[in-house]
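In: I'll drop the sequence and a predicted model, then ask my questions.
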Amino acid sequence: MPQHHEDTGHYQGKIPIFFSDTLAKFNFGQGHPFNLERFAWFMNLLEKAGLSDRLEKHSLVPATVDDLKLVHSDTYLAYIDHLKNINGRLTMDTPVNSNVTEVQSLIVGSGLQAAQLVLDKGGAAHTFGGLHHAGPDYGEGFCLYNDVAVTAKALVERHGQKKIMVFDTDAHQGNGTMDIFYDDPRVLFISIHQDPRTLYPGRGFVHEIGSGEGTGYTVNIPIPPYSSNSQYERALDEIFTPLVKEFEPDVIIRNGGSDPYHGDDLTILGLDYDGLNMVGRKVREAALDGPGACDKQIDMMVSGYGDLVIYGWLALFCGIEGLDDIDYKKLAPTEYRRPGGYTQEKLDDITEEMLVALKKELEEYWNCF
Ligand SMILES: [Zn+2]
């Protein structure tokens with residue numbers, strides 16, 4: 001069983017994180033829910049948590065066109081160039097200009113750098129990425145280039161890794177990543193997200209399980225709106241953890257920020273800070289600490305909407321890194337849960353029904369179901 005990466009001294013007790021001030025130039029325009037202050041706020045919060053000295057900061061190298069071509073078509077990339085030149089937009093909420101292309105290409109580059117780092121040294125490396133709504137020949141949902149997919153593809157095609165798991169915990173389903181690997185059994189894509197009938201991108205139903213040779217290697221866990229820590233924990237224990245054990249990935253990439261938090265502005269899920277921390281810990285256990293863990297994890301965290309984003313990030317970050325000494329809740333404003341939603345009993349019933357249906361879809365392909 002691999003040791004805790006601090007014990008093995010991969011990074012001499014430091015936490016590798018890919019960050020540069022250029023990221024804070026990310027600007028979709030005034031009033032856009034993807035605010036650019038998040039990076040500066042988060043760095044301040046890490047300082048308040050006493051973590052500044054424990055970070056091993058790496059600067060970012062932009063992705064090349066060849067990197068982007070690992071997953072995106074030539075015509076799509078030419079179209080992005082055209083939009084950049086005219087300050088156009090892919091969709092209403094996804095403007096394209098030289099600032100957005102520069103920052104998103106840095107984010108893709110940081111995924112590739114993180115991949116190289118964990119292959120060399122093991123443990124977990126963090127990026128501010130997770131642009132999972134960009135597909136082979138489309139971009140939307142604030143995403144131009146899919147850093148999650150470029151990183152996974154590079155691990156397979158450039159580094160000779162055989163089995164990559166992408167675990168997408170963003171509240172929105174990772175349609176771009178799913179489409180890129182839909183028929184590819186080398187990448188097991190698992191997404192837990194708010195029921196697509198109630199949230200963008202409206203994809204990720206239990207019956208979407210991949211195609212061709214990739215059938216069974218796409219797993220969608222559509223969790224009901226208002227789901228709280230216990231429904232999440234059950235879904236992770238019954239789907240994610242058994243799949244990690246059976247698939248035995250060489251590397252796990254997790255992506256997703258704080259938008260499953262109950263106070264997020266764009267979603268209606270119900271995790272609190274402890275719930276986000278629990279998600280982080282489950283991933284840690286599967287990727288770094290547990291029996292048979294591959295000891296190689298890339299963690300990508302960029303999403304979340306509203307003033308509370310960074311507190312959710314901190315809770316997740318502490319879970320992934322096993323930082324039990326940090327009181328992430330004390331650093332956040334008092335939690336306020338808006339009224340409404342379903343009872344826990346109702347949520348348990350809907351979750352049960354969903355899990356039964358999902359396991360039925362997958363039982364032909366996996367012994368654990
Ligand atoms: Zn999201």
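Out: It's in.

In: in this protein, where is pLDDT below threshold?
Out: Within the chain, the stretches with pLDDT under 70 are 1-9, 26-27, 30, 36.

In: specify the beta-bridge partners of the most centrally placed residue in it.
Out: For the chain, the residue whose C-alpha lies nearest the mean C-alpha position (C-alpha atoms, centre = their mean) is residue 255; its distance is 1.0 Å. Residue 255 has the following beta-bridge partners by DSSP bridges: residue 168, residue 300.

In: residue 129 is in contact with that one, correct?
Out: Yes. Counting by C-beta atoms under 8 Å, residue 255 does reach residue 129; the two are 6.8 Å apart. The C-beta positions use only the backbone N, C-alpha and C, and glycine is treated the same way.

In: what touches both of those two?
Out: When C-beta atoms under 8 Å, 6 or more residues apart in numbering defines a contact, the residues bordering residue 255 and residue 129 alike are 148, 300-301.

In: now do the helices in this structure.
Out: Secondary structure of the chain (DSSP state H): helices at 5-8, 38-48, 65-69, 74-85, 98-121, 147-157, 175-181, 229-235, 241-247, 273-284, 309-321, 344-362.

In: hmm, back to that, most neighbours among the shared contacts of residue 255 and residue 129, which one?
Out: Using other C-beta atoms under 10 Å as the neighbour definition, the shared contacts of residue 255 and residue 129 reach their maximum at residue 148, which records 33 neighbours.

In: now the shared contacts of residue 255 and residue 129 in CSV, with distance to the ion?
Out: As requested, the shared contacts of residue 255 and residue 129 are exported to CSV (distance: C-beta to the ion, whole Å):
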residue, distance to the ion
148, 12
300, 12
301, 11
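
In: closest one of those residues to residue 278?
Out: Lowest distance from residue 278 to the shared contacts of residue 255 and residue 129 (C-beta to C-beta) belongs to residue 301, with 15.6 Å.

In: count the neighbours of the closest residue in space to that closest one that isn't next to it in sequence for me.
Out: Nearest residue to residue 301, sequence neighbours excluded (C-beta to C-beta, 6 or more residues apart in numbering): residue 257, at 4.9 Å. The number of residues packed around residue 257, counting by other C-beta under 10 Å, is 26.

In: for this protein, what lies in contact range of the ion?
Out: Residues of the chain lying close to the ion by C-beta under 5 Å from the ion are 170-172, 259, 303.

In: quick check: beta-bridge partners of residue 58?
Out: Bridge pairing for residue 58 (DSSP bridges) gives the partners residue 18.

In: re the thing from before, if any of the residues of the chain next to the ion are buried, put those into a PyMOL selection.
Out: With 16 or more other C-beta atoms under 10 Å as the burial test, the buried ones among these are selected in PyMOL as follows:
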select buried, resi 170+171+172+259+303
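
In: from the residues of the chain next to the ion, which land in strands?
Out: Using DSSP state E, the subset of those located in strands is empty.
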